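Participant: I would like the atomic coordinates for the input below:
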Amino acid sequence: MIQIDNNSSRAIYEQIYDEITRLILSKALKPDEQLPSVRELAALLKINPNTIQKAYKFLEIDNYIYTVKGKGNFVKNADELRSIHINKTKEELNHTIKSLKELGIKDDTVIELVKKILEPYEG
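Facilitator: Sure, this is the predicted structure:
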């Protein structure tokens, strides 16, 4: 389910966040499905519960999950989340393109870069 790379430069809570968002957006986790408790997931991954709590906090801030007091954490509607994720990704892409333009890179070069990135996903 969730894989952690201890050799990664990314913080463990960020890896957990990324893994859970991937599971939600791929619909492996269904809307209103309960996530493991903080303690359960911490024991499963053999990490500090505070790390899980931090990941869950950011997932809730970014509207991927919601909390029911006394019950736990649950997945929000995936279709709504996909739309949010697409908009967030568009903003990131816009920022990247703006940075490239500020470096003086021409539109044709930016388009070629995008095409090269897309090649492995074609077909």
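Participant: could you give the mean pLDDT of the longest helix seen in the chain?
Facilitator: Counting residues, the longest helix found in the chain (DSSP state H) is helix 78-102. The average of the pLDDT scores along helix 78-102 is 88.
Participant: One more: stretch 105-118?
Facilitator: In the prediction, stretch 105-118 has an average pLDDT of 93.
Participant: now that stretch: how far from the chain's centre is it?
Facilitator: The chain centroid and the centroid of stretch 105-118 are separated by 25 Å under C-alpha atoms, centre = their mean, to the nearest Å.
Participant: Touching that stretch from outside, list them.
Facilitator: Residues outside stretch 105-118 that contact it (C-beta atoms under 8 Å, 6 or more residues apart in numbering): I97, L100, K101. Heads up, the C-betas are built off the backbone N, CA and C, glycines and all.
Participant: send the alpha carbons of it over as PDB?
Facilitator: The C-alpha coordinates for stretch 105-118 follow below in PDB (Å, rounded to 0.1, in the frame of the first residue of the first chain):
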ATOM      1  CA  ILE A 105      13.800  30.300 -23.300                       C
ATOM      2  CA  LYS A 106      11.700  30.600 -26.400                       C
ATOM      3  CA  ASP A 107       8.200  29.100 -26.800                       C
ATOM      4  CA  ASP A 108       9.400  26.500 -29.300                       C
ATOM      5  CA  THR A 109      12.000  25.200 -26.900                       C
ATOM      6  CA  VAL A 110       9.500  25.000 -24.100                       C
ATOM      7  CA  ILE A 111       7.200  23.000 -26.400                       C
ATOM      8  CA  GLU A 112      10.000  20.700 -27.400                       C
ATOM      9  CA  LEU A 113      10.800  20.100 -23.700                       C
ATOM     10  CA  VAL A 114       7.200  19.200 -23.000                       C
ATOM     11  CA  LYS A 115       7.100  16.800 -26.000                       C
ATOM     12  CA  LYS A 116      10.200  15.000 -24.700                       C
ATOM     13  CA  ILE A 117       8.700  14.700 -21.300                       C
ATOM     14  CA  LEU A 118       5.500  13.300 -22.800                       C
END
